[in-house]
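S.K.: no sequence on this one, just coordinates:
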């Protein structure tokens, strides 16, 4: 099959590469000339484990190509995936200008029947707008060109996107004709051999499924953070509570780890967009509004603990940060809690020295020279008044505590991801503050 993927961001590049991996003829398209030139050389715009090797392999095999021309690349394509960005507007709504611009371009240049698939995360009703945009352009041309529109939301986890695409939990596709369903069945047949389910439904339901899934996961995170904050007040250990409720099959043990708030390109944007969609249709998403509020407050929890420990005297102090990306195995810093914490530390007159295994380049682009970037995790600790754990990278889990203690001015750790054990840290001589765990040396340490 011939596949065109418009957009070479996270979703588009992973989608195109994985389809090429199973033998399809794929062209990924982007208007960014420099990005396309780099991709042809094997230089990727994002970090994702395993993706670079897969891009190089399929480019060399001739199955994966890159282009700046929609007009040329959609000629003869069976399926065109729209995978461009849908950034949130100031009011929280998803901005569809890039999606609709691609739809219009497809309408101007298509020369055969194809299925046009929205892969971007888009509000319910977007497929109708995509169809209208294509039809408007087709009507201006001589000849009749048939097409179908479909919705195929992605459920990729950053840091595990390749595995998620090749071995999906489920594939959700919204269609409005048997012809489109047959073609999409052929596209995903290679991924169904191990019994992974494909779920066909109407298009509005498929569009809603993506937002509902991300909003549910965001809700679990904010709920657990709320519980963690109450645990500190009441003297309970949230780690024990998590194990207690996670063993209940109705709840499960995923996405119930307390921390310093969710970030990234999906959860914040999708929660805002669903709240906005509801408001536009006369309905208030009361739970999701609270989810969003809890999350914003949670990003300040670690800074609040720092302020209380040092009794407000932060000016001139140096803080080491381990981790900058919003989660491990990615360099994505969109809506990252680290940015909120760094902003507050700098505003309080502090010096920040940070280390991240892969996100330093992206952080330098965002933060410039406002903070110092360390060459490794131990370099960040030299003369630091305290260490803040921001991202739970595996290499941070078992540090040499003797070395850590010797490098720092004071043995203080603020663990925003609960990767260490309170008792072990205190036995090693550290003042340790986790999330939802009350230090033995403290009175009340609420978030």
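M.R.: It's in. Everything quoted here is computed from the prediction, not taken from an experiment.
S.K.: Enumerate the positions of stretch 213-222 that are buried.
M.R.: 213-215, 217-222 (16 or more other Cβ atoms under 10 Å). In short, each C-beta sits where N, CA and C put it, glycine included.
S.K.: Shouldn't residue 353 be within a strand?
M.R.: Yes. Per DSSP: H, G, I helix; E, B strand; the rest coil, residue 353 lies within a strand segment.
S.K.: could you list every residue that touches it?
M.R.: Applying Cβ atoms under 8 Å, 6 or more residues apart in numbering to residue 353 gives the contacts 318-321, 371-374, 379-380, 382, 384.
S.K.: Can you tell me which of those residues are buried?
M.R.: By 16+ other Cβ under 10 Å, the contacts of residue 353 give 318-321, 371, 373-374, 380, 384 as buried.
S.K.: Out of those, flag the one nearest to residue 8.
M.R.: Residue 8 has its nearest neighbour among those in residue 373, at 27.5 Å by Cβ to Cβ.
S.K.: so how far is residue 248 from that closest one?
M.R.: Counting by Cβ to Cβ, to the nearest Å, the gap from residue 373 to residue 248 is 43 Å.
S.K.: now do residue 261
M.R.: 24 Å.
S.K.: More neighbours: those two, which one.
M.R.: Each of residue 261 and residue 248 has its neighbours counted (other Cβ atoms under 10 Å); residue 261 has more, 26 against 9.
S.K.: so where's this structure uncertain?
M.R.: For the chain, the stretches with pLDDT under 70 are 441-447.
S.K.: Find the centremost residue of it, please.
M.R.: residue 264 (3.9 Å; Cα atoms, centre = their mean).
S.K.: That residue and residue 293, how far apart?
M.R.: In terms of Cβ to Cβ, residue 264 sits 18 Å off from residue 293.
S.K.: Residue 314 now?
M.R.: 26 Å.
S.K.: for residue 309, same thing?
M.R.: Per Cβ to Cβ, residue 309 is found 25 Å from residue 293.
S.K.: So for those two, which sits in the more crowded spot?
M.R.: Neighbour count, other Cβ under 10 Å: between residue 309 and residue 293, residue 309 has more, with 19 against 11.
S.K.: who's in contact with that one?
M.R.: Residues near residue 309 by Cβ under 8 Å, 6+ apart: 386, 412, 414, 431, 433.
S.K.: so where does residue 232 fall, helix or strand?
M.R.: helix 203-234 (DSSP states H and E).
S.K.: by contact count, what packs against that helix?
M.R.: In this structure, helix 203-234 packs against helix 126-138, strand 147-151, strand 171-174, helix 238-246, helix 267-280, helix 286-298, with contacts taken as 3 or more Cβ pairs under 8 Å, 6 or more residues apart in numbering; DSSP states H and E.
S.K.: Go ahead and name everything in contact with the shortest one.
M.R.: The contact list for strand 171-174 (Cβ under 8 Å, 6+ apart) reads 127, 150-153, 155, 181, 184, 188, 191-192, 196-207, 209-210.
S.K.: Now, of these, which are buried?
M.R.: Buried among these (16+ other Cβ under 10 Å): 127, 150-153, 155, 181, 184, 188, 191, 198, 200, 203-204, 206-207, 209-210.
S.K.: how about the helices and strands packed on helix 203-234, which one is nearest residue 46?
M.R.: That would be helix 267-280 among the helices and strands packed on helix 203-234, by Cβ to Cβ, at 16.6 Å.
S.K.: any idea how far that closest one is from the chain center?
M.R.: Centre-to-centre, helix 267-280 and its host chain are 16 Å apart (Cα atoms, centre = their mean, to the nearest Å).
S.K.: ok, and for it, which residues are buried?
M.R.: 267-277.
S.K.: Dump those to CSV, plus distance to residue 141.
M.R.: Converted to CSV, the buried residues of helix 267-280 look like this (distance: Cβ to Cβ, whole Å):
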residue, distance to residue 141
267, 41
268, 40
269, 35
270, 36
271, 40
272, 38
273, 33
274, 37
275, 40
276, 35
277, 33
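S.K.: out of these, who's nearest residue 78?
M.R.: Of all these, residue 78 sits closest to residue 270, with 29.1 Å by Cβ to Cβ.
S.K.: ok, the closest one - contacts?
M.R.: 121, 210-211, 214-215, 218.
S.K.: rewinding a little: now, which of the buried ones among the contacts of residue 353 sits nearest residue 83?
M.R.: Checking the buried ones among the contacts of residue 353 one by one against residue 83 (Cβ to Cβ), the nearest turns out to be residue 373, at 31.8 Å.
S.K.: close enough to count as contact, that closest one and residue 359?
M.R.: No. Assessed by Cβ atoms under 8 Å, residue 373 is found out of contact with residue 359, at 10.1 Å.
S.K.: So residue 288 is in contact with residue 276, correct?
M.R.: No. Counting by Cβ under 8 Å, residue 276 is not a contact partner of residue 288; they are 10.3 Å apart.
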